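The sequence isn't on hand, but the structure is:
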């Protein structure tokens, strides 16, 4: 996961950072890359231009006023894609937080390899701006529940579901537990650590 992807109007070296991310992705032998915080379509196009040789298939999920910021790059052909907009997305009047303008939701791309059907889900849940007084906890919990329901009802026809993104949740949080439990998912990272 590549963190710290810059906001278009607030980052002096945005192009250099995206070029660095594209270079790093191109050097690796990834089959699938899920990115968040790619807010400007021009940044997505820049990534696409440099990653195209190693990962020829990609999708950017358009949403909200500034874009969802979520995109997928893949070595496997993307057969289908869909974006599910969360009904609760922050506050319009909290301009400084920006979550409402991104139109947060859950993207899905369907790929297959050797007869195995794979659903790739990618998201960026609402940010947590203050751990002590989190005014958005209800938004993230509602988004987590909505996400888990969407995954549960769309993954029945696939052989494998891969879910990634910036959940802005810890494994001990209610929202995270809902995603894993209600979505019938298994956290391979936590299983690896155990």
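That came in fine, so what should we check first? In this text, all values refer to a predicted model and were calculated from it rather than measured experimentally. Numbering: from 1, shown residues only.

for the chain, which helix is longest?
Secondary structure of the chain per DSSP state H: the longest helix is helix 137-154.

How far off centre is the helix or strand following that one?
Note on helix 137-154: by DSSP states H and E, the next helix or strand toward the C-terminus is strand 160-166. Relative to its parent chain, strand 160-166 has a centroid offset of 8 Å by C-alpha atoms, centre = their mean, to the nearest Å.

Quick one: mean pLDDT for the helix or strand that contains residue 16?
Counting by DSSP H and E, the element that carries residue 16 is helix 14-27. Mean pLDDT, computed over helix 14-27, is 94.

Report the buried residues of it.
By neighbour count on 16 or more other C-beta atoms under 10 Å, the buried set for helix 14-27 is 14, 17, 18, 21, 22, 25. To be clear about C-beta, it is placed using only N, CA and C from the backbone, and glycine gets the same treatment.

Distance of the second one relative to residue 23?
Looking back up the chat, that one is residue 17. Distance, residue 17 to residue 23, using C-beta to C-beta, to the nearest Å: 11 Å.

With respect to residue 66, which of the buried residues of helix 14-27 is nearest?
residue 14 (14.1 Å; C-beta to C-beta).

wait, doesn't the closest one sit right on residue 46?
No: using C-beta atoms under 8 Å, residue 14 is not in contact with residue 46, being 9.4 Å away.

rewinding a little: so what sits against both of residue 17 and residue 23?
The contact sets of residue 17 and residue 23 do not overlap (C-beta atoms under 8 Å, 6 or more residues apart in numbering).

residue contacts, residue 120?
32, 34, 72, 74, 108, 109, 110, 111, 162, 164.

Which ones among these lie within helices?
The helices, defined by DSSP H, take in nothing from the contacts of residue 120.

Identify the farthest-apart pair in those.
The span of these, defined through C-beta to C-beta, is set by 110 and 164 at 15.0 Å.

thought residue 54 was touching residue 75?
Yes: the pair residue 54 / residue 75 is scored as a contact, 7.3 Å apart, by C-beta under 8 Å.

Need the overlap of contacts for these two.
Common neighbours of residue 54 and residue 75, counting by C-beta under 8 Å, 6+ apart, are residue 30.

Could you list the low-pLDDT ranges of the chain?
In the predicted model, the chain carries pLDDT under 70 at residues 1-10, 194.

Can you show me the strands along this structure?
Counting by DSSP state E, the chain has strands at residues 32-35, 57-60, 71-74, 80-85, 105-113, 116-124, 160-166.

Residue 131: which of those strands is closest?
Comparing the strands of the chain by C-beta to C-beta, strand 160-166 comes nearest, at 15.8 Å.

Could you check the angle the closest one makes with helix 137-154?
Strand 160-166 and helix 137-154 are oriented at 160 degrees to each other (axes from the mean of the first three to the mean of the last three C-alpha atoms, to 10 degrees).
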